[in-house]
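>>> take this sequence and fold it.
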Amino acid sequence: MKRRTFIKLVSLGAVAGTGFYFYPDEGILNPCMDTALPKRLLEHDVVKQAWEGIDAALYRDVHTHLIGTGDSNSGIYLHPSMQDVLSPLQYVRYKFYMNAGCADNAEGIDQAYVNTLKRLMNDFPNGAKSMLLAFEFHHNADGLRVKEKSPFYTPNTYAQTVAETNSGLFDWVASIHPYRQDAVSALESAIQHGAKAVKWLPPVMGMDPLSEKCDPFYVAMAKYKMPLITHAGDEHAFDNVDAQHKGNPLRLRRALDHGVRVIVAHCASEGTGVDLDKGENGPQVSNFELFARMMDEKKYEKLLFGEISAITQLNRVGPALQAVLTREDWQPRLLNGSDYPLPGVMPLFSTQEMHLLGYLQRDAVEPLEEIRRYNPMLYDFILKRHLHWQGKKFSSSIFESKNFFDENKKIMIG
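So this is what the prediction gives:
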């Protein structure tokens with residue numbers, strides 16, 4: 001059977017509900033090679049070439065999930081369905097995520113996951129960091145927490161503690177629901193405790209970025225120059241997402257018009273949304289096209305940014321990836337993230353397929369596949385550094401985002 005036919009016939013969505021194509025070139029489960037990357041790979045040309053032109057001290061992975069089960073008194077919450085075999089889609093998804101983070105068979109899952117993150121980051125040059133994401137509960141229209149609609153929760157305090165304990169490897173990103181009555185004070189506290197940004201996933205967390213309820217939060221975000229990293233486009237990582245419309249990138253205009261610096265995760269490269277510029281009953285348009293429209297509006301050129309995590313997953317390979325590779329005018333406004341642990345979900349990526357589609361030289365495939373077995377996070381970075389389309393590649397500036405997140409350190413509160 002031809003590769004493309006196989007990809008189209010077999011979907012990981014049928015197994016884990018993610019909507020991602022299933023293509024096990026590199027295995028089904030992460031082998032979790034529990035050692036540092038071997039010297040022969042660390043010194044391989046494919047790695048050395050990836051770091052050429054990049055100041056590792058400025059390197060930031062702006063999209064690293066901090067997950068677990070709460071078994072360390074971390075405060076992490078998992079919806080019961082995630083560990084319930086009677087909810088097979090959620091359960092299988094949970095198993096894939098924990099295997100991807102090499103925490104599925106460990107005693108002490110929270111700590112095992114953090115230990116894996118530390119091991120992975122130790123393969124990066126000194127100064128490189130990943131940014132650990134907190135994750136807020138779902139809240140209703142009254143700003144009240146709704147646990148039953150929350151797939152998981154990672155407290156700000158836990159993300160802060162892990163980052164501070166391992167300050168040479170990690171920064172942290174807060175997650176605050178804007179409908180909370182204490183949202184602004186929670187933001188101020190997060191800034192005072194070193195948070196570099198705020199992370200949202202609107203279809204899951206329950207906020208509508210276009211709602212006037214967000215206005216006080218946007219005013220504070222702009223005042224303190226705090227960036228917002230927000231998912232846009234469809235969300236398939238959790239069951240029963242009944243608010244996909246909240247991921248429409250045009251709904252971010254309200255934040256932008258308040259002067260908030262907005263980083264659109266995955267460059268909104270999944271699904272379609274209503275063209276709200278033509279009204280609530282406008283036509284359905286690719287979410288990526290809607291994102292691109294706003295990127296091309298001059299009034300947003302210093303406010304709107306794209307983030308390239310997950311854009312090399314098989315379901316996203318195509319026009320969006322080609323555009324972000326070839327749009328030279330966008331390069332200064334793109335930031336890199338891995339969406340870890342997803343690079344460790346083996347069927348979601350195919351290095352061979354990237355070569356066959358014309359994005360990758362053949363001689364990079366084998367070393368990349370081997371690197372991934374040891375370090376999916378490093379694999380994600382090196383893969384992106386070797387991608388090309390029509391002679392264009394990702395700029396080194398995309399991977400040097402430290403200074404972007406340091407602006408809010410200049411803000412004094414109180």
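>>> Leu276 reaches Pro249, doesn't it?
No - under the criterion of C-beta atoms under 8 Å, Leu276 lies out of contact with Pro249, with a separation of 9.6 Å. Backbone N, C-alpha and C define where each C-beta goes, glycine included.
>>> ok, those two, which is more surrounded?
More crowded of Leu276 and Pro249, by other C-beta atoms under 10 Å: Pro249, with 28 against 18.
>>> ok, the more buried one touching Gly233?
Yes - using C-beta under 8 Å, Pro249 is in contact with Gly233, at 7.2 Å.
>>> intersection of neighbour lists for those two?
Counting by C-beta atoms under 8 Å, 6 or more residues apart in numbering, the residues touching both Pro249 and Gly233 are 268, 273, 287, 291.
>>> neighbour count, secondary structure and pLDDT added to those, as JSON lines?
Converted to JSON lines, the shared contacts of Pro249 and Gly233 look like this (neighbours: other C-beta atoms under 10 Å; DSSP: H, G, I helix; E, B strand; the rest coil; pLDDT from 0 to 100):
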{"residue": "Ala268", "neighbour count": "30", "secondary structure": "helix", "pLDDT": "97"}
{"residue": "Gly273", "neighbour count": "26", "secondary structure": "strand", "pLDDT": "97"}
{"residue": "Asn287", "neighbour count": "26", "secondary structure": "helix", "pLDDT": "97"}
{"residue": "Phe291", "neighbour count": "26", "secondary structure": "helix", "pLDDT": "98"}
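>>> where along this protein do the strands fall?
Secondary structure of the chain by DSSP state E: the strands cover 60-65, 77-78, 129-133, 152-153, 170-173, 198-200, 228-231, 262-265, 272-274, 284-286, 304-307, 334-335.
>>> which one of those lies closest to Gln49?
Between Gln49 and the strands of the chain, the tightest spacing by C-beta to C-beta is seen for strand 60-65, at 19.0 Å.
>>> before we move on, back to that, out of the shared contacts of Pro249 and Gly233, flag the one nearest to Thr116.
Of all the shared contacts of Pro249 and Gly233, Thr116 sits closest to Ala268, with 29.3 Å by C-beta to C-beta.
>>> residues contacting that closest one?
By C-beta under 8 Å, 6+ apart, the residues touching Ala268 are 232-233, 247, 249, 287-288, 290-291.
>>> name the nearest of the residues you listed relative to Leu360.
Phe288 (21.4 Å).
>>> and the closest one, how far is that from Gly247?
In this view, Phe288 and Gly247 are 12 Å apart by C-beta to C-beta, to the nearest Å.
>>> where does the stretch 101-250 of the chain have low pLDDT?
Across the stretch 101-250 of the chain, residues meeting the criterion (pLDDT under 70) sit at 237-242.
>>> how about the helices in it?
Under the criterion DSSP state H, counting those that start in this stretch, helices of the stretch 101-250 of the chain are mapped to 109-121, 156-165, 183-192, 202-205, 215-223.
>>> who are the packing partners of the fourth one?
Applying 3 or more C-beta pairs under 8 Å, 6 or more residues apart in numbering; DSSP states H and E, we find helix 202-205 packed against strand 228-231.
>>> again, but for the longest one
Helices and strands touching helix 109-121, by 3+ C-beta pairs under 8 Å, 6+ apart, are strand 129-133, helix 376-386.
>>> thinking again about what came up before, quick one: which of the shared contacts of Pro249 and Gly233 is nearest Asn403?
Nearest to Asn403 among those, with distances taken as C-beta to C-beta, is Phe291, at 23.7 Å.
>>> which non-adjacent residue is nearest that closest one?
In space, Phe291 comes closest to Ala268 once its chain neighbours are excluded; the distance is 3.9 Å by C-beta to C-beta, 6 or more residues apart in numbering.
>>> how near is that neighbour to Val285?
In terms of C-beta to C-beta, Ala268 sits 11 Å off from Val285.
>>> next one: Met295
According to C-beta to C-beta, Met295 stands 14 Å off from Val285.
>>> so these two - more neighbours on which side?
The neighbour count for Met295 versus Val285, taken as other C-beta under 10 Å, is higher for Met295 (23 against 18).
>>> ok, now which ones touch that one?
304, 306, 330, 333.
>>> pull stretch 318-329 out as CSV, backbone CA atoms only.
Extracted C-alpha coordinates of stretch 318-329, given in CSV (Å, rounded to 0.1, in the frame of the first residue of the first chain):
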residue,chain,number,x,y,z
GLY,A,318,0.6,21.7,3.6
PRO,A,319,-0.2,25.3,2.8
ALA,A,320,0.3,26.6,6.4
LEU,A,321,3.8,25.1,6.7
GLN,A,322,4.7,26.2,3.3
ALA,A,323,3.5,29.8,4.0
VAL,A,324,5.4,30.1,7.3
LEU,A,325,8.6,28.8,5.6
THR,A,326,8.4,31.1,2.6
ARG,A,327,6.9,34.4,4.0
GLU,A,328,10.1,36.2,4.7
ASP,A,329,8.2,39.2,6.0
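>>> quick one: contacts of it?
Contact partners of stretch 318-329, identified using C-beta under 8 Å, 6+ apart, comprise 267, 269, 286, 288, 292, 306, 308, 311-312, 330, 334, 359, 387-390, 392-394.
>>> please pick the buried ones from those.
When these are checked for burial by 16 or more other C-beta atoms under 10 Å, the buried set is 267, 269, 286, 288, 292, 306, 308, 311-312, 330, 334, 359, 387, 394.
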